[in-house]
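Enquirer: Here is the input, now give the coordinates:
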Amino acid sequence: MDTGHGTTITKTESRGRPHDADFTEYVAARQGQMLRFAYLLTGQRAEAEDLLQTAFAKLYLAWGKVDVESSRDAYVRTILVRENASTWRRLWRRKELSVGELTDGSAVDAGFVSSPHESFVDRSLMWQCVCALPPKQRAAVVLRYYEDLSEKATAEILGVSVGTVKSSCSAALRALRTSITASEGGPR
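Expert: Residues are numbered from 1 along each chain as shown. Have a look, this model is predicted:
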């Protein structure tokens, strides 16, 4: 489209904004996976939805700068991790559950959180142990083992070194083993 001022605006970059159909198509295709990722970071469905909404809003604003679809996925994951980190860094904000939001593990059992490793006897116990991890360790574990990203890609998203990712994952896995063993009444 010619603007009459000597510049041409493409249909996908009208004034720096994505063409609504392109953005809507991307969101529709990726919303489920990104919501699961956000849920794994937050442990709360409502917080995950809010976090994802913020990430998609930021993606919308940067749509013209992030051209390749795989880059968009990495961009959204990075926003999710960083927004989640800024949320738990705020000391004044406390996470409180109303009685209506207490989980009984049904989100895990309903398949909202699924794992290729179904060998765990009690998935809700595993999920409780993952939720008990410090946010940085949980983010590292989710990116490495749920999203199946490399150490390098995980480090880029978290904004840390590869060594930090390795040590965070190691500490998280050690804590998970200890928690699960203690919850199940001793070593298997």
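Enquirer: Kindly report the domain assignment for the protein.
Expert: 11-90, 116-188 (automatic domain parsing).
Enquirer: Kindly reformat those as TSV containing mean neighbour count and mean pLDDT.
Expert: For every residue, glycine as well, the C-beta is placed using N, CA and C. Formatted as TSV, the domains of the chain follow (neighbours: other C-beta atoms under 10 Å; pLDDT from 0 to 100):
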stretch	mean neighbour count	mean pLDDT
domain 11-90	16	83
domain 116-188	16	83
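Enquirer: List of residues touching the helix or strand containing Ala21?
Expert: Using DSSP states H and E, Ala21 falls within helix 20-42. Helix 20-42 is contacted by residues 12, 45, 47-49, 51-52, 55-56, 59-60, 63, 69, 72-73, 76-77, 80-81, 84, 107, 112-113, 130, 135, 138-139, 142, 146-147 when judged by C-beta atoms under 8 Å, 6 or more residues apart in numbering.
Enquirer: What's the first helix or strand after that helix?
Expert: That would be, after helix 20-42 and using DSSP H and E, helix 45-62.
Enquirer: which helices and strands sit right next to that following helix?
Expert: strand 17-18, helix 20-42, helix 69-89 (3 or more C-beta pairs under 8 Å, 6 or more residues apart in numbering; DSSP states H and E).
Enquirer: what's the angle from it to helix 69-89?
Expert: 130 degrees (axes from the mean of the first three to the mean of the last three C-alpha atoms, to 10 degrees).
Enquirer: Please name the nearest non-neighbouring residue to Leu143.
Expert: Thr154 (4.3 Å; C-beta to C-beta, 6 or more residues apart in numbering).
Enquirer: how much space between Tyr26 and Asp50?
Expert: 20 Å (C-beta to C-beta, to the nearest Å).
Enquirer: Please tell me I have it right and Leu176 contacts Arg138.
Expert: No. Using C-beta atoms under 8 Å, Leu176 makes no contact with Arg138, being 10.2 Å away.
Enquirer: residues shared between the contacts of those two?
Expert: Val130.
Enquirer: residue contacts, the nearest residue to Arg77 once chain neighbours are set aside?
Expert: Among residues not flanking Arg77 along the chain, Ile157 sits closest, at 5.3 Å (C-beta to C-beta, 6+ apart). By C-beta under 8 Å, 6+ apart, the residues touching Ile157 are 74, 77-78, 81, 143, 149.
Enquirer: let's see it at 7 Å
Expert: By C-beta atoms under 7 Å, 6 or more residues apart in numbering, the contact set of Ile157 is 74, 77-78, 81, 143.
Enquirer: Appreciated, that's everything.
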